[in-house]
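Student: sequence-free structure coming up:
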């Protein structure tokens, strides 16, 4: 085989494998995931968390597998990338298994729901999207609750009948020694015994319904209710600038956070949202971890890595301690009839 023949054979194999279309597909996936503005020379380790996730997702999509497993694919995706991913999943002929807590994404993209039951260790299949699955599960739960209540009512009636028979047999035996009536009492006792055995069999059968399990609620009202309703200033900043390393995330920002505020930080991947949270005066990597409330009371934020729940508990404890100090100060320093200035 000549060099020309070998080259022609390699080119034919390259064309058959779609080699000329690879660059176009890479560009389409890259633009769809919002990675077009990133330089090819930029090291992977210097990308943000969201950019790294999208790069790995793009590498998966470009490989054209026969089955794609997506575990929380919407994490770290900004809105344009999420919309592109939804469109890609809908248009792709490839089978996909998706693990996600994003109900809207599931409603838009999936056609079947697989439910893992951690109590029975079984797998159930529901046709349709997440909303249909949630509706069906709620309907099944209502039916289960009604059937369980009917079963409990039937058990209560049977137990009441057994008690009544036992009481009748015992009363007859205690009131007389007459052979005939004691024989009647034994017959009544046998009927009670038969019903007891029937009830035991029913309780042990596979048709017996277990009590429906209630969803485990998250009890936070008593802990963070005061923090949500208290509108005191928690964090106040003027001319705030944050520049971790050589990258400036914010410059000259005025910011006020009050108790009960719900604040969303939005922006494209790589714009510095995570850096803002990590390097701001309240973040894990900040030099200063203290702020001043509007009343001048020092508020110390939790140590790095402290869960949000403990943060709420510490805020509530700080509020209660300040109230006690304020009340004590008012009792000793304020004239009768004055109004205390507490949180």
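Tutor: Thanks, I have the structure now. Everything numeric in this text was worked out from a predicted model, so none of it was measured. Residues are numbered from 1 along each chain as shown.
Student: Every contact and neighbour count from this point should use C-alpha atoms.
Tutor: Will do.
Student: tally of neighbours for residue 266?
Tutor: Using other CA atoms under 10 Å, residue 266 has 11 other residues around it.
Student: how close does it get to residue 273?
Tutor: From residue 266 across to residue 273, the span is 7 Å (CA to CA, to the nearest Å).
Student: How about residue 144?
Tutor: On the measure of CA to CA, residue 144 and residue 273 end up 46 Å apart.
Student: With residue 164 instead?
Tutor: Using CA to CA, one gets 72 Å for the distance from residue 164 to residue 273.
Student: One more: residue 73?
Tutor: Distance from residue 73 to residue 273, by CA to CA: 19 Å.
Student: Which one's more surrounded, these two?
Tutor: Remark: of residue 73 and residue 273, residue 73 carries more neighbours, 19 against 16, as counted by other CA under 10 Å.
Student: can you pull the contacts of the closest residue in space to that one that isn't next to it in sequence?
Tutor: Nearest non-adjacent residue to residue 73, counting by CA to CA, 6 or more residues apart in numbering: residue 100, 7.1 Å away. Residue 100 is in contact with 71-74, 106, counting by CA atoms under 8 Å, 6 or more residues apart in numbering.
Student: what about stretch 96-110, average pLDDT?
Tutor: Average pLDDT, stretch 96-110: 92.
Student: Would you mind measuring the gap between the ends of that stretch?
Tutor: 9 Å.
Student: how about that stretch: buried residues?
Tutor: For stretch 96-110, a neighbour-count test (16 or more other CA atoms under 10 Å) marks 96, 98, 105-107, 109-110 as buried.
Student: taking those as a set, which two sit the farthest apart in space?
Tutor: 96 and 107 (14.5 Å; CA to CA).
Student: Give me the neighbour count for residue 57.
Tutor: 16.
Student: Show the contacting residues for the residue lying closest to it once chain neighbours are set aside.
Tutor: Spatial nearest neighbour of residue 57, excluding adjacent residues (CA to CA, 6+ apart): residue 73 at 8.0 Å. Contact partners of residue 73, counting by CA under 8 Å, 6+ apart, are 57, 98-100.
Student: Of those residues, which is the nearest to residue 248?
Tutor: So of the contacts of residue 73, ranked by how close each gets to residue 248 (CA to CA), first place is residue 57, at 27.8 Å.
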